[in-house]
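> Next come a sequence and a model predicted from it.
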Amino acid sequence: MALSSTRILEALGSAETIAGGLSFERLHVLESLSRYWPRHRELIVALLAKPPPMSRARITLPPKLARIQLPFWAEDLGVEGHLCIPAELWPKGPAAWQDTPWLEVAFWFLSAMPEQLFADRFGNIHSQSERLQSWPVEMWNIAWVNRIALFLRRWAARHNNRNEDELFGPLPKAQLAVAHLLEAPGLAGASRKSAPLMARLFGEDLFSLEALIERGKSAHLREIIFLPVTILAGSKCADSISLLRSAADARFELGLSLSGDCPAEPMSMTIQRERVEALLERRVRICRSDAARLDWARSWAAAADAGFREDFTLGFVDRFGFRNSAAFSTAAWHFAQRTALPIQQQPFIGLTPNPNAPWLSGAGDDALANVLAEARLIRGVACIGRRAQLFGGSRKARRAHDEFMSLVAPDHS
């Protein structure tokens, strides 16, 4: 069932509150941003303006952003001294930054509210940003929610005449991850003997998991290997199983690329997970959709019901950036139930090399570098996808992989 526009709008306009006058949505944002305030979050709440009422008429598509000028003592936390907010949440009065309902702004971005409204009215974009014509790209180039958190943290410390680190604890370190997305196009039960054939048939020259294990896991990054179930199909999968077990022993994490025909079916997801776990003799609790067919209303609930605890689908397949203007792990939000689900959304900032967007090569390197720089600057969490194959790989592919790792983790060796 599609998520209704009314339900989405009610999330910001509802008068229903719980303890301390906070809505469920405000509490969700406070909890999601706890990496920036692991203690004394009540000091954040004390600063905040009363949220304005929302209405269907005030929601615009494409969304319109407005700029809030920050005070001089926080200009470095914005972009050219400002933070972007949705135009419908623009505060009345001369002191705009003091009267802005910052947690509602953060929820608007974090829940990708305009995209959900678009999907409800016009259909799912299937993670393709090109379907969102005339949308402001600033939404995706900057992690606005993280910057809002940094601003609220500094404001609260200044308001209480305290040092930020003493009050809230030191700022977190940036946490970057690489998702190695294994591919075995057209072949079931990939093996070492099949690798040269695959390269000739499909013109691919990808870094291999075999070479990855030889190089060893980076000490500076989280690395997850996502495998499609088809890699373990057929009678020649012994090599694949042995290699994936070796990867797990080498401290690489294992995740499942769910087949595109069941992005929101818990039973099918469960069957895929249990089959892979039985073959590899390892627990698998991480997933992503291999077709990136994200259904905001059902996908995460289905994945949670299937036993997964982390999902790396939250990103675009045709560009680098922050799909929900955020760079941190957060519990998926169930709009209908107004509650957090027991599965973490991990920000997936792009895929390289990307067959869906070949223009990302070359100039795209700068786009990736900019997104990575933003994630580091705001002490965020982000994952970049890297296509890979099981076996083989040329020297050229190895050099390309080393260049990629140097960009993501400059200290990688």
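Done, it's in. Residues are numbered from 1 along each chain as shown.
> hey, where'd the strands end up in the stretch 201-350 of the chain?
Taking DSSP state E, counting those that start in this stretch to define them, one finds strands in the stretch 201-350 of the chain at 222-228, 253-258, 286-289, 310-314, 330-334, 339-352.
> which stretch among those strands comes nearest Glu403?
strand 339-352 (10.7 Å; Cβ to Cβ). C-beta coordinates here come from the backbone N, C-alpha and C atoms, glycine included.
> show me where the stretch 301-413 of the chain has helices.
363-377, 395-408 (DSSP state H, counting those that start in this stretch).
> Same list (those) but as CSV, adding mean pLDDT.
Converted to CSV, the helices of the stretch 301-413 of the chain look like this (pLDDT from 0 to 100):
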stretch, mean pLDDT
helix 363-377, 85
helix 395-408, 85
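> Could I get the average pLDDT for the host helix or strand of Ala149?
Using DSSP states H and E, Ala149 maps to helix 144-159. For helix 144-159, the mean pLDDT works out to 98.
> With stretch 306-317 instead?
Stretch 306-317 comes out at a mean pLDDT of 94.
> buried residues in it?
Buried residues in stretch 306-317, counted by 16 or more other Cβ atoms under 10 Å: 306-308, 310-317.
> Farthest pair within those residues?
Across the buried residues of stretch 306-317 (Cβ to Cβ), the longest gap, 26.7 Å, separates Gly307 and Phe316.
> Lowest mean pLDDT among the helices and strands of the protein, which one is it?
helix 194-202 (a mean of 43; mean pLDDT, DSSP states H and E).
> how about the strands in the stretch 51-200 of the chain?
65-69, 82-86, 175-182.
> packing partners for the first one?
The contact analysis (3 or more Cβ pairs under 8 Å, 6 or more residues apart in numbering; DSSP states H and E) places strand 65-69 against strand 82-86, helix 96-99.
> cool, the last one as well?
Using 3+ Cβ pairs under 8 Å, 6+ apart, the elements in contact with strand 175-182 are helix 209-215, strand 222-228, strand 253-258, strand 339-352, helix 363-377, strand 381-388, helix 395-408.
> Quick check: Leu152 touching Leu47?
Yes - applying Cβ atoms under 8 Å as the test, Leu152 and Leu47 come out as touching, 6.7 Å apart.
> Between these two, which has more neighbouring residues?
Leu152 (25 against 13; other Cβ atoms under 10 Å).
> And the closest residue to that one other than its chain neighbours, which helix or strand is it part of?
Distances taken as Cβ to Cβ, 6 or more residues apart in numbering place Ile44 nearest to Leu152, at 5.2 Å, with adjacent residues excluded. Per DSSP H and E: Ile44 is located in helix 42-45.
> and for that helix, what are the contacting residues?
20, 22, 26, 30, 37, 152-153, 156, 159-160, 167 (Cβ atoms under 8 Å, 6 or more residues apart in numbering).
> Distance of the spatially most central residue of the chain relative to Leu372?
Residue closest to the mean C-alpha point of the chain, counted by Cα atoms, centre = their mean, is Pro347 at 1.3 Å. Going from Pro347 to Leu372 by Cβ to Cβ, to the nearest Å gives 12 Å.
> intersection of neighbour lists for the two?
Common neighbours of Pro347 and Leu372 (Cβ under 8 Å, 6+ apart) are Ala382.
> where does this protein dip in pLDDT?
Along the chain, the model assigns pLDDT under 70 to residues 1-22, 50-58, 93-95, 184-205, 234-236, 260-264, 290-292, 353-365, 393, 410-413.
> Got the domain ranges for it?
What automatic domain parsing lists as the domains of the chain is 5-168, 175-408.
> Based on its surroundings, how many neighbours for the closest residue in space to Gln98 that isn't next to it in sequence?
Distances taken as Cβ to Cβ, 6+ apart place Ala49 nearest to Gln98, at 7.1 Å, with adjacent residues excluded. Neighbours of Ala49 under the rule other Cβ under 10 Å: 15.
> Run a quick neighbour tally on Asp165.
Considering only other Cβ under 10 Å, Asp165 is surrounded by 11 other residues.
> can you pull the contacts of Tyr349?
Quick fix: residue 349 is Ile, not Tyr. Neighbours of Ile349 in contact, by Cβ under 8 Å, 6+ apart: 315, 320-322, 327, 368, 371-372, 375, 382-384.
> any idea how far the residue nearest to Ser325 when sequence neighbours are not counted lies from Thr100?
In space, and not counting its chain neighbours, Ser325 is closest to Phe109: 3.9 Å by Cβ to Cβ, 6+ apart. Phe109 sits 13 Å away from Thr100 when distances are taken as Cβ to Cβ.
> Next: Gln272.
44 Å.
> go on, Arg39?
Taken as Cβ to Cβ, the span from Arg39 to Thr100 is 24 Å.
> Then Val178?
36 Å.
> and what of Val371?
26 Å.
> do the same with Glu253
Counting by Cβ to Cβ, the gap from Glu253 to Thr100 is 39 Å.
> neighbours around Asp366, how many?
Neighbours of Asp366 using other Cβ under 10 Å come to 10.
> Please name the residues that touch it.
No contacts exist for Asp366 under Cβ under 8 Å, 6+ apart.
> Please export the C-alpha coordinates of stretch 279-289 as PDB.
Extracted in PDB, the C-alpha atoms of stretch 279-289 (Å, rounded to 0.1, in the frame of the first residue of the first chain):
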ATOM      1  CA  LEU A 279      26.200 -22.200   2.500                       C
ATOM      2  CA  LEU A 280      28.700 -19.800   4.000                       C
ATOM      3  CA  GLU A 281      28.200 -20.900   7.600                       C
ATOM      4  CA  ARG A 282      28.200 -17.200   8.600                       C
ATOM      5  CA  ARG A 283      25.600 -14.800   9.900                       C
ATOM      6  CA  VAL A 284      24.400 -12.300   7.400                       C
ATOM      7  CA  ARG A 285      22.500  -9.300   8.800                       C
ATOM      8  CA  ILE A 286      23.400  -6.600   6.200                       C
ATOM      9  CA  CYS A 287      21.600  -6.100   2.900                       C
ATOM     10  CA  ARG A 288      21.000  -3.800   0.000                       C
ATOM     11  CA  SER A 289      18.800  -4.000  -3.100                       C
END
